[in-house]
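Asks: kindly return the folded structure for what I paste below:
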Amino acid sequence: MMMNLFSTFDPSTNFNMSLNWISTFLGLILIPSLFWLIPSRFSYLWMKIILMLHKEFKVLIGPINTKGNTMIFIALFSMILMNNFLGLFPYIFTSTSHMTMTLSLALPLWLTFMLFGWINHTSHMLAHLVPTGTPPILMPFMVCIETISNIIRPGTLAIRLSANMIAGHLLMTLLGNTGSYLSNLMISLLIITQILLLLLETAVSMIQAYVFAVLSTLYSSEVN
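Replies: Predicted structure coming up:
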C-alpha cells in the first residue's frame, strides 16, 4: 500500500509517459515573451512618443475624466500613422486616401461626442451655439452658423486627411509617368525630385495623423 502511495510521484506512471516534468516549464510558458527581450531602440522611441501624446492630449481634454481617455486618441493616431506610412511603399493601397476609411473614423467619433454632450450636458451644448459677447440681434444667425460648423466637422476631418494623402501620391504618380519621355539628365533631376517628394509625404503622413487625433481631442473637450 505504501509503495502504491509513493508511486503516484513517479514521473512515468501517468499514461506510461514522462509528462509530469512538463509542469516544470509551465511557469516559463506563461511568462510573456517580452520579459526575455531587451527593449529595442524602437520600443523606447515608441514609448516616448506615446507618453508625449498622453501628456498633450491630457491637457487638451481637461482635468475632468482624463483617466484612460487619451488611449482612444493615441490608438487613433497610431492606426492612421501606420496606414499613412504603408501607403508610401510601392504597390500598397493607401486606405486613408479614401473617404470610406476616413469618414468611418471621423463620423462615429463626432456622433458619440454629440450624443454624450447633448444627453449629459444639454445647457452647456446650447451655450456653445452662441459665443460670449454676441449682440442679441445676431444671435439667430450665430446659432445657424455654429450649428452648420458643428455638423460639417466630421466631413472636414475626413476630407482633410484623404485630400492630403491623395495630393502627394497623385503628384508623385504624374511625375513618375513622364520618366520614359525624358533625357538622362532630366531623369536624374526627376529621381531627386521624387526622393524629396517622398520625404515630404513622410512628414505629411505624420502631421496628418497628429492633426486628426488633436482635432478629435479638441472636439471631445467641448462636450465636457
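Asks: give me the phi and psi for residue 134.
Replies: The phi/psi pair for residue 134 (degrees, to the nearest 10) reads phi -70, psi 130.
Asks: so what's the nearest residue to it once chain neighbours are set aside up against?
Replies: In space, and not counting its chain neighbours, residue 134 is closest to residue 142: 5.2 Å by CB to CB, 6 or more residues apart in numbering. In this view, the C-beta of every residue, glycine as well, is placed from N, C-alpha and C. Applying CB atoms under 8 Å, 6 or more residues apart in numbering to residue 142 gives the contacts 129, 130, 131, 134.
Asks: just the element for residue 142, please.
Replies: Taking DSSP states H and E as the criterion, residue 142 maps to helix 139-151.
Asks: what of residue 185?
Replies: Using DSSP H and E, residue 185 falls in helix 184-221.
Asks: can you name every helix or strand that that helix contacts?
Replies: Judged by 3 or more CB pairs under 8 Å, 6 or more residues apart in numbering; DSSP states H and E, the packing partners of helix 184-221 are helix 41-61, helix 69-86, helix 99-120, helix 153-177.
Asks: chain center to that helix, what's the gap?
Replies: Its chain's C-alpha centre and that of helix 184-221 lie 16 Å apart, by CA atoms, centre = their mean, to the nearest Å.
Asks: mind listing what's buried in stretch 77-93?
Replies: Neighbour-count burial for stretch 77-93, with 16 or more other CB atoms under 10 Å as criterion, is recorded at 77, 78, 80, 81, 83, 84, 85, 87, 88.
Asks: look up the pLDDT of the second one for me, please.
Replies: Yep, that's residue 78 we're talking about. Predicted confidence (pLDDT) for residue 78: 91.
Asks: next one: it from residue 53, what distance?
Replies: Taking CB to CB, to the nearest Å as the criterion, residue 78 is separated from residue 53 by 9 Å.
Asks: lowest mean pLDDT among the helices and strands of this protein, which one is it?
Replies: helix 2-6 (a mean of 57; mean pLDDT, DSSP states H and E).
Asks: which one of the buried residues of stretch 77-93 is nearest residue 46?
Replies: For those, the residue nearest residue 46 by CB to CB is residue 78; the value is 8.8 Å.
Asks: from residue 211, how far off is the closest one?
Replies: For residue 78, the distance to residue 211 - CB to CB - is 15 Å.
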